[in-house]
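Q: Sequence and predicted structure are below.
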Amino acid sequence: MNWGTKVVLGMVTFMLFIVCMVVYMFYVHGRDALIEENYYEKGINYNAEYNAKKNVLNDDAKPKITITKKQIIIQIKATAKYELVLMRPANSLDDVKLKGKTSGDAHLILVDITKMAKGMWFLNLQWRSGNKDYLYKDNIIL
């Protein structure tokens, strides 16, 4: 094999490497938990998010979170409509999104965790109680 053949084989190998990397990047796109799909919209609505976080502090409305072997129990001060998002940093396909109304006189939100992966999760809880919006974010470990 002469040097011309080696150069051509080297270029073909490099081009195959680049094509494989492009295919891999398209495969991974959309499954990455660190990328927000509506990034610009969230930036525009940042003031509403900031005010909702501030309401939690001003009204002393921080939810009480208890993690057992089978469920997450979140207790809020008053009856509310909520939107709960549990995001797994390792894989966005594991994310859990729940909407509803608190249950019982204790104003509880119950989440079954028996089928959820162990490890760290980002908890994002938004709720509306009375005429105020609230937002609480935290990291939890299952």
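A: Sure, I can see it.
Q: what's the weakest-modelled helix or strand in this protein?
A: helix 39-44 (a mean of 78; mean pLDDT, DSSP states H and E).
Q: any idea how far it is from the chain center?
A: 16 Å (Cα atoms, centre = their mean, to the nearest Å).
Q: what about this protein, any weak spots by pLDDT?
A: Low-confidence segments of the chain (pLDDT under 70): 29-37.
Q: and the nearest residue in space to D112 that is not next to it in sequence, backbone torsions?
A: Excluding the flanking residues, the one nearest D112 by Cβ to Cβ, 6 or more residues apart in numbering is Q71, at 5.5 Å. All C-beta spots, glycine's among them, are computed from the backbone N, C-alpha and C. When read as degrees, to the nearest 10, the backbone of Q71 gives phi -160, psi 160.
Q: Near Q71, how many other residues are there?
A: The number of residues packed near Q71 is 13, by other Cβ atoms under 10 Å.
Q: still on that earlier bit, what sits up against the helix or strand following the least confident helix or strand of the chain?
A: Scanning forward in sequence from helix 39-44 by DSSP states H and E, the next helix or strand is helix 46-58. Residues outside helix 46-58 that contact it (Cβ atoms under 8 Å, 6 or more residues apart in numbering) are K42, A61, K62, Q126, K132, D133, Y134, L135, Y136, K137.
Q: Give the next helix or strand downstream of helix 46-58.
A: As assigned by DSSP H and E, the chain's next helix or strand after helix 46-58 is strand 64-67.
Q: Could you identify the helix or strand that succeeds that next one?
A: Criterion used, DSSP H and E; the element after strand 64-67 is strand 71-75.
Q: and the residue lying closest to M120 once chain neighbours are set aside, what is it in contact with?
A: Spatial nearest neighbour of M120, excluding adjacent residues (Cβ to Cβ, 6+ apart): I141 at 5.4 Å. Contacts for I141 were tallied using Cβ under 8 Å, 6+ apart; they are I67, G119, M120, W121.
Q: So which of those residues is the closest to L84?
A: Nearest to L84 among the contacts of I141: W121, at 11.1 Å, using Cβ to Cβ.
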